[in-house]
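Participant: here's my sequence, what's the structure:
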Amino acid sequence: MSASGKKTVLGVGIVGLGGAAVGMIPGFLRNPRYRLAAAADLDRTVLDRFAADFDGARTYTEVAALCADPNVDLVYIGTPNRLHSEHALIALEHGKHVLTEKPMAVTLEDADRMIETADRNGVLLGVNVKHSFEPRIRRIREFVTSGELGALRMINSWRYVDWLYRPRTTAELTPGWGNGILWRQGPHQLDIIRTIGGGKVRSVRGTTGTWGPARRVPGTFCVYFEFEDGACGTAVCASYNHFDSRAFVYGFDGDTPLVDAGRHAKARRELTEHAGDPAWENAAAGAERYGGGRESTAASHVAGQSRGWILGGPLIASFDRGDVRLSPKGLVVDGDERQWEIIFPPGRNGVDGRLDSFYEAMVHGRPLMADGRWGKATQEMLIAVERSAETRSEIRLAHQIAAVD
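Facilitator: Residues are numbered from 1 along each chain as shown. A predicted model of the protein is given here:
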């Protein structure tokens, strides 16, 4: 306990021991201000693995039971998208702070209920848009706030990946809002754009694509957006591809993330061999859960200063007096008269930034970055892309808020 009587080490209860939790647990472990106190999941086998690894941590098969645990101060929610709101409301009504995975909900009405419940119970609600806390992204935001390169004019973020070729559960491949690449990876990409630009997006024009008959959830999106101040740009993601867009930053030699091509090719072969066998695919996807033994795609995104997708790009922010883009070691700035590189030391990533910011808000009362209202604004962009794709029209936004820097 601190001199003020507040806890200095916070107990974390994890709801859902899937791929999202696999990506977050190392961050909690390396941060001395958190400890893993409990976990809840429907799979007893996964819970037993967790209990064996973390002596003293309690396990539950019901979310409400975890939220009633006095050792839990913060509830991290890593369940499927459609359950985020339900599980967050349980935790908030128990007076627990909540960090929920993105997107915070599937409907704006659910987001509003979450925000109102957090306010009424005097607890914090944050969204785990961890990639928006990456040192590279925060530094690009600093160029915007400082005016060092003049006004921000354009942001372009493109991603090509094999996401839809990897094993997916039947629930993940069921059509509907909350599923597909837009809802699974789009929250990160669009949140990064809002973070860099300051938050207030004016309008969106977008489309999604479902290209393969065997996997009937959208695997692509293409978005054009404008900020209130006139800055504009694009967000593109295609998850059917053999091409890995990290090559734009890291090149084509052997010492690149393209060494993962062997894993990607193996995944495609396995899917081909087991085509039409949902039981195999559910089992393969389930093996990426906590302690399942199969290499987790989530883990590669958070391994220190890794070459995870968000550090690969291409992502280019254009200002009056320069363009800023990702590089293998940090950022390259192409200015009016010179080019220079900003190098970041290894070892710190967006998970660390997200957890530090949440701790400072919980313990020291500092403004919470990426809170529920911010998460709702990013979710509004996702919904606008869906509506724009359906109507083939521009969608004006009404719930945008400014970034907390």
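
Participant: quick one, domains of this protein?
Facilitator: Following automatic domain parsing, one finds the domains of the chain at 10-129+351-372, 132-348+381-396.

Participant: export the ones you listed to JSON lines and tack on mean neighbour count, distance to Ala402 and mean pLDDT?
Facilitator: Using the backbone N, CA and C atoms, a C-beta is placed for each residue, glycine as well. Output for the domains of the chain, formatted as JSON lines (neighbours: other C-beta atoms under 10 Å; distance: least, C-beta to C-beta, whole Å; pLDDT from 0 to 100):
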{"stretch": "domain 10-129+351-372", "mean neighbour count": "20", "distance to Ala402": "11", "mean pLDDT": "97"}
{"stretch": "domain 132-348+381-396", "mean neighbour count": "18", "distance to Ala402": "5", "mean pLDDT": "85"}
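
Participant: Ala403: which of these is closest?
Facilitator: If you check each of the domains of the chain against Ala403 by C-beta to C-beta, domain 132-348+381-396 wins as the nearest, at 4.2 Å.

Participant: okay, how far is it across the closest one, tip to tip?
Facilitator: Taking C-alpha to C-alpha, to the nearest Å, domain 132-348+381-396 runs 23 Å from one end to the other.

Participant: how about the strands in the stretch 151-300 of the chain?
Facilitator: Using DSSP state E, counting those that start in this stretch, the strands of the stretch 151-300 of the chain run over 152-160, 201-209, 220-227, 232-238.

Participant: the ones you listed: which one's closest to Arg392?
Facilitator: Between Arg392 and the strands of the stretch 151-300 of the chain, the shortest separation by C-beta to C-beta is 7.6 Å, and it involves strand 201-209.

Participant: what's in contact with that closest one?
Facilitator: By C-beta atoms under 8 Å, 6 or more residues apart in numbering, the surrounding residues in contact with strand 201-209 are 180, 182, 193-194, 218-228, 377, 381, 384-386, 388-389, 392-397, 400.

Participant: taking these one by one, which sit in helices?
Facilitator: When DSSP state H is applied, the contacts of strand 201-209 are split such that 182, 193-194, 377, 381, 384-386, 388-389 fall in helices.

Participant: now Gly18, nearest residue through space, not along the chain?
Facilitator: Distance criterion C-beta to C-beta, 6 or more residues apart in numbering; nearest residue to Gly18, sequence neighbours excluded, is Arg289 at 5.1 Å.

Participant: so what's the one you found up against?
Facilitator: The contact partners of Arg289, taken as C-beta under 8 Å, 6+ apart, are 17-19, 22, 43, 46.

Participant: following the strand or helix carrying Ala21 in sequence, what is the next regular element?
Facilitator: Using DSSP states H and E, Ala21 maps to helix 19-30. For helix 19-30, the following helix or strand on the C-terminal side (DSSP H and E) is strand 34-40.

Participant: partner strands of that next one and their direction?
Facilitator: Paired neighbours of strand 34-40 in the sheet (DSSP bridges): strand 10-15 (parallel), strand 58-60 (parallel).

Participant: ok, which of these comes nearest Pro70?
Facilitator: Pro70 lies closest, by C-beta to C-beta, to one member of those: strand 10-15, at 8.7 Å.

Participant: okay, angle between that closest one and helix 19-30 too, please.
Facilitator: Going by axes from the mean of the first three to the mean of the last three C-alpha atoms, to 10 degrees, strand 10-15 is angled at 170 degrees with respect to helix 19-30.

Participant: going forward, the N-terminal residue is numbered 39.
Facilitator: All set: I'll call the first residue 39, so the last point we hit is now strand 48-53.

Participant: show me what strand 48-53 is in contact with.
Facilitator: Under the contact criterion C-beta under 8 Å, 6+ apart, strand 48-53 has outside partners 59, 62-63, 66, 71-79, 88, 101, 104-105, 107, 109-117, 125, 129, 134, 397, 400-401.

Participant: so who does Ser170 touch?
Facilitator: Taking C-beta under 8 Å, 6+ apart, we find Ser170 in contact with 226, 229-230, 232-233, 388, 408.
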